[in-house]
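J.: my questions are about this predicted structure, shown below with the sequence.
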Amino acid sequence: QAQARAAARAQTQAAAQAAAQVPSRSQTQTPLPNQLGTKNPKPYPNPNPADVPTPNQERGGGYGKKATGEQTSAPCGARKHARSDGHGAAGTMPRVPPSRAARGAAADLLRVLVTRAGATEAGAVTPVDTLRSYMEANNLDVFLVPTDDPHLSEYPPDCFARREFISGFTGSAGTAVVTREEALLWTDGRYHQQAEAQLEPSWTLMKAGLKGVPAIKDWLVEQLGKERSIRVGIDPFVHSAGFAEALSKGLAAKDHELVPLANGVNPVDAAWEASEQARPAEPVAPVRTHPKEVAGKSTAEKLAEVREAMEKKDADALVVGMLDEVAWLCNFRGSDVDFNPVALSYAVVTRDAAVLFMKGDKVPSDVRDALVENGVELRDYTEFVPFLEELSGAGKKVWIDEDRTNYAAAAAVAKENRVKGMNPVTLLKSVKNEAELAGMFASHVRDARALVRFFAWMDQTISEEGKTVTEVEVDDMLTGKFRQELEGFIEPSFPTIAGAGPNGAIIHYRASGEDCGVVGPGTVLLLDSGGQYHDGTTDCTRTMVFGKDAERLVPLEVRETFTRVLQGNIRLDRCCFPEGTPGCVLDVLAREELWRAGQDYAHGTGHGVGAALNVHEGPQSISPRFNNKQALLPGMILSNEPGFYEPSKFGIRIENLLVVEQADGLESAATGKKFLRFKKLTQVPICKALIVKELLRQDEIDWLDQYHASILAQLAPALHGSERAWLEAACAPL
């Protein structure tokens, strides 16, 4: 077997060498790009202050991957954004894109020979083996595989889920690091239990955020490269420019080398297509118009605001690469990514034009007409990088947000022509206008009705009928029936988390099949769910218990912890703060009571939320990451979701969405600053059976009673019979 494996790997190396021809260190003299950059900060609070270098948007409570059904779509073949037929020196990006024939020939050769190598011994060559053969053939010591797609998405389309394929880990955040001898996965505290369960024994889990666990760059330099120089390979399309250039600088300082692959073939793609696991097809579903009545502003109005920012920045052009920002700017919505109403696209705004780069067959005539009417030209998705090269070649100053734009796109613009800074679309999108807020309020009221109807059904099934409900049935009923019946419902905003008992301690738990948990009398259920609607996006977590005299069935330790989590939620909800305050300053309010009891949670307290867009957005957040200095502004929406998770025992989280608004009449005489506060969007009762009333102060009891009275007034008119009776009992004074 060892001989067969060695022969297979040797043949694969030859295939990889023929297909790629990446120059070795001895062949390259051109220095790496040495421009100062920052490690890619997430637009959402990293759950831990520790470094997990992926540009994914991260949140407090989270989600796994949804199982997908059949798709009618085109094959997702060789990379569409390959840079060149030739091969640049290490660390440089060739300017001439390769021909389609050249890209196809390289990819086909690699795939054919990899397949032949794998056939030497059936089942002997794993995807990691294939990747290592490529690395050995091209003198790479390490290859980094992040979660991200070319748009640095938190949830990539399935055809770009390379990290999930190579590692088997399905969480939404993490980076795989493959060396000649080791395979490691870095992920944050939300996913430690999940990764331990999903990774094969040949993988090493690096629990980011724990004491003694180094950041990836530090591990590369101080451990792998401690006694020798190393070459670190990356696909420049799936790393942010800021991260790649900071890593390049850090490596070069220790005589190591970053090698952005420039041959148009991601080696993980070749391993995927040569494996028994079919690579998912590229999404081709058409986009739809997001009307001004819901968006609040036309695309032309948004472009005018963007150009004002460009003028102040003295920029001739602006690159918009993140999918939700392109969709917001151009007032369309798509379905290329599960749970996120976006479509594969880029946009570039100049002083007198705007270009949307998207496959033309995805744009129906009504969307095309609306774009043209608002001054947007449509070009093919593959023309994006060449367009940037043309701008740079003409000496235009191009504004590139290096934390939200991939390295390949940034490298298409000469450094002297780059304008740095946060994309103005990011902040414009985060501050909701009146129409967007109206849609968010309306969708939350509808969504709350679905949750109340579901909870009433659960109570009837468990308390009255004496039955149990599986975690899978929880999702089926909530999503497939009660939300599905709502006006304007499109899809969930993330995969439902329904964790019964000890499963609730897995922060991003995903129930499946026969192994799922069961909810019965006294079972503590953590339910985190949300919906995408035509006018809004919802995200709500409730920790519930059902059954007659349910509070007597739940251990006091669990109820006391639930009460502390509730106190944290109340304190953050009630706070007032001066304008200019970043979210990191408020994070302690949600944790204080837990800290007093020696408890904490390994995720952020709050993430931004889009309006009929992604459930996670930036730049706003509430978390311990003190490097996020973005002030909270009126119109921003954030989650408020403290929690606690005792491994193998129970999990608790209480989550509401909040809107930042002016606190009327509050202004500091000393500083002249006005004050802000939060207003609740979520209208779902909190489980009283889990509260230890004696731990609450009177003002906290008053807050809960007033909240429940408001919920009852809004929801009761549309509910009847047993559903209304359940709501009335749930909202009765504590």
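T.: Cool, the structure landed.
J.: can you list the weak-confidence ranges in the stretch 201-350 of the chain?
T.: In the predicted model, the stretch 201-350 of the chain carries pLDDT under 70 at residues 263-264.
J.: tell me the helix or strand right after the top strand by length along the chain.
T.: In the chain, assigned by DSSP state E, the strand with the most residues is strand 656-667. Along the chain past strand 656-667, the next helix or strand (assigned with DSSP states H and E) turns out to be strand 674-680.
J.: now the residue nearest in space to the middle of the chain: how far from residue 288?
T.: Taking Cα atoms, centre = their mean, the centroid of the chain lies closest to residue 154, which sits 2.6 Å from it. The spacing between residue 154 and residue 288, counted by Cβ to Cβ, to the nearest Å, is 22 Å. Every C-beta, even on glycine, is put in place using the N, C-alpha and C of the backbone.
J.: pull the distance from stretch 272-283 to the chain's centre.
T.: Its chain's average C-alpha position is 22 Å from that of stretch 272-283, according to Cα atoms, centre = their mean, to the nearest Å.
J.: can you list the buried residues in that stretch?
T.: 272, 273, 274, 275, 279, 280, 281, 282, 283 (16 or more other Cβ atoms under 10 Å).
J.: the fifth one contacts residue 271, correct?
T.: No: counting by Cβ atoms under 8 Å, residue 279 sits too far from residue 271 to count as a contact (10.0 Å).
J.: how many residues are close by residue 362?
T.: Neighbouring residues of residue 362 were enumerated by other Cβ atoms under 10 Å; the total is 20.
J.: how about it, what does it touch?
T.: For residue 362, the contacting residues are 284, 285, 286, 287, 334, 343, by Cβ atoms under 8 Å, 6 or more residues apart in numbering.
J.: let me see the mean pLDDT of the helix or strand where residue 409 lies.
T.: Secondary structure assigned from DSSP H and E places residue 409 in helix 407-411. On average, the pLDDT along helix 407-411 is 95.
J.: just checking, what packs against it?
T.: Helix 407-411 sits against helix 241-252, strand 257-260, helix 384-393, with contacts defined as 3 or more Cβ pairs under 8 Å, 6 or more residues apart in numbering; DSSP states H and E.
J.: following element in sequence after the least confident helix or strand in the chain by mean pLDDT, please.
T.: For the chain, using mean pLDDT, DSSP states H and E, the weakest element among its helices and strands is helix 100-119, scoring a mean of 44. Tracing the chain C-terminally past helix 100-119 and defining elements by DSSP H and E, one meets helix 127-137 next.
J.: do you know how far the residue lying closest to residue 569 once chain neighbours are set aside is from residue 531?
T.: For residue 569, ignoring the flanking residues on the chain, the nearest one in space by Cβ to Cβ, 6 or more residues apart in numbering is residue 654 at 4.8 Å. Distance from residue 654 to residue 531, counting by Cβ to Cβ: 19 Å.
J.: neighbour count winner among these two?
T.: Taking residue 654 and residue 531 together and counting by other Cβ under 10 Å, residue 531 has the greater number of neighbours (29 against 26).
J.: what residues are up against the more buried one?
T.: By Cβ under 8 Å, 6+ apart, the neighbours of residue 531 are 443, 447, 450, 483, 486, 489, 490, 491, 492, 493, 537, 538.
J.: just the pLDDT at the third one, thanks.
T.: pLDDT, residue 450: 98.
J.: same check on residue 152?
T.: Reported pLDDT at residue 152 in the predicted model: 93.
J.: also residue 67?
T.: On pLDDT, residue 67 comes in at 31.
J.: please apply the same query to residue 45.
T.: Model confidence at residue 45, expressed as pLDDT, equals 34.
J.: repeat for the one 4 residues further on
T.: Residue-level confidence at residue 49 comes out at 33, pLDDT.
J.: go on, residue 171?
T.: Reading off the per-residue confidence, residue 171 sits at a pLDDT of 87.
J.: packing partners of the longest helix seen in the chain?
T.: The longest helix of the chain (DSSP state H) is helix 434-459. Secondary structure elements in contact with helix 434-459, counted by 3+ Cβ pairs under 8 Å, 6+ apart, are helix 292-295, helix 471-477, strand 531-533, strand 536-537, strand 540-544, strand 656-667, helix 698-715, helix 721-730.
J.: same list (the helices and strands packed on helix 407-411) but as JSON lines, adding mean neighbour count.
T.: Written out in JSON lines, the entries for these read as follows (neighbours: other Cβ atoms under 10 Å):
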{"stretch": "helix 241-252", "mean neighbour count": "24"}
{"stretch": "strand 257-260", "mean neighbour count": "25"}
{"stretch": "helix 384-393", "mean neighbour count": "19"}
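J.: for those, which one sits closest to residue 627?
T.: Across the helices and strands packed on helix 407-411, residue 627 has its closest neighbour in helix 241-252 (12.8 Å, Cβ to Cβ).
J.: three-state assignment of residue 422?
T.: Three states are possible here, and by DSSP: H, G, I helix; E, B strand; the rest coil the one that applies to residue 422 is coil.
J.: what about stretch 630-648, average pLDDT?
T.: What stretch 630-648 shows for mean pLDDT is 97.
J.: now what about stretch 452-466, what contacts it?
T.: Outside of stretch 452-466, the residues that reach it under the criterion Cβ under 8 Å, 6+ apart are 467-469, 474, 477-478, 482, 519-521, 542, 544, 546-548, 550, 684-685, 715, 719, 722-723, 725-727, 730.
J.: can you give me the helices in the stretch 201-350 of the chain?
T.: Chain-ordered helices for the stretch 201-350 of the chain, with DSSP state H, counting those that start in this stretch as the definition, fall at 216-219, 241-252, 267-274, 292-295, 299-313, 323-330.
J.: in TSV: those, plus distance to residue 201.
T.: Formatted as TSV, the entries for these read as follows, by distance: least, Cβ to Cβ, whole Å:
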stretch	distance to residue 201
helix 216-219	20
helix 241-252	29
helix 267-274	20
helix 292-295	50
helix 299-313	51
helix 323-330	36
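J.: quick one: the helices in the stretch 501-650 of the chain?
T.: According to DSSP H, counting those that start in this stretch, the stretch 501-650 of the chain carries its helices in the segments 550-553, 556-574, 587-596.
J.: what does the stretch 51-200 of the chain give?
T.: In the stretch 51-200 of the chain, the helices defined using DSSP H, counting those that start in this stretch lie at 100-119, 127-137, 162-167, 192-198.
J.: packing partners of the shortest one?
T.: Secondary-structure packing of helix 162-167 (3+ Cβ pairs under 8 Å, 6+ apart): helix 127-137, strand 142-146, strand 175-179, helix 267-274.
J.: list of residues touching it?
T.: Taking Cβ under 8 Å, 6+ apart as the criterion, the residues outside helix 162-167 that touch it are 65, 127-128, 131, 145-147, 169-170, 174-176, 178, 183, 185, 199, 203, 238, 266, 268-269, 271-272, 277, 279.
J.: returning to that earlier point: and the buried residues of stretch 272-283 as CSV, adding distance to residue 710?
T.: Putting the buried residues of stretch 272-283 into CSV (distance: Cβ to Cβ, whole Å) gives the following:
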residue, distance to residue 710
272, 51
273, 55
274, 58
275, 54
279, 49
280, 44
281, 47
282, 46
283, 41
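J.: how many neighbours does residue 431 have?
T.: By other Cβ under 10 Å, 14 other residues sit near residue 431.
J.: same check on the one 4 residues further on?
T.: Using other Cβ under 10 Å, residue 435 has 17 other residues around it.
J.: which residue, other than its chain neighbours, is closest to it?
T.: Using Cβ to Cβ, 6+ apart, the closest residue to residue 435 is residue 296 (3.3 Å).
J.: give me every residue that touches that neighbour.
T.: Contacts of residue 296 by Cβ under 8 Å, 6+ apart are 432, 433, 434, 435, 436.
J.: re earlier: so for residue 584, which of the helices and strands packed on helix 407-411 sits nearest?
T.: Using Cβ to Cβ, the nearest of these to residue 584 is helix 241-252, at 19.8 Å.
J.: residue 341 contacts residue 334, correct?
T.: Yes: distance between residue 341 and residue 334: 6.1 Å, which falls inside the contact criterion (Cβ under 8 Å).
J.: hmm, back to that, for the buried residues of stretch 272-283, work out which two are farthest apart.
T.: With distances taken as Cβ to Cβ, the most widely separated pair in the buried residues of stretch 272-283 is 274 and 283, at 22.6 Å.
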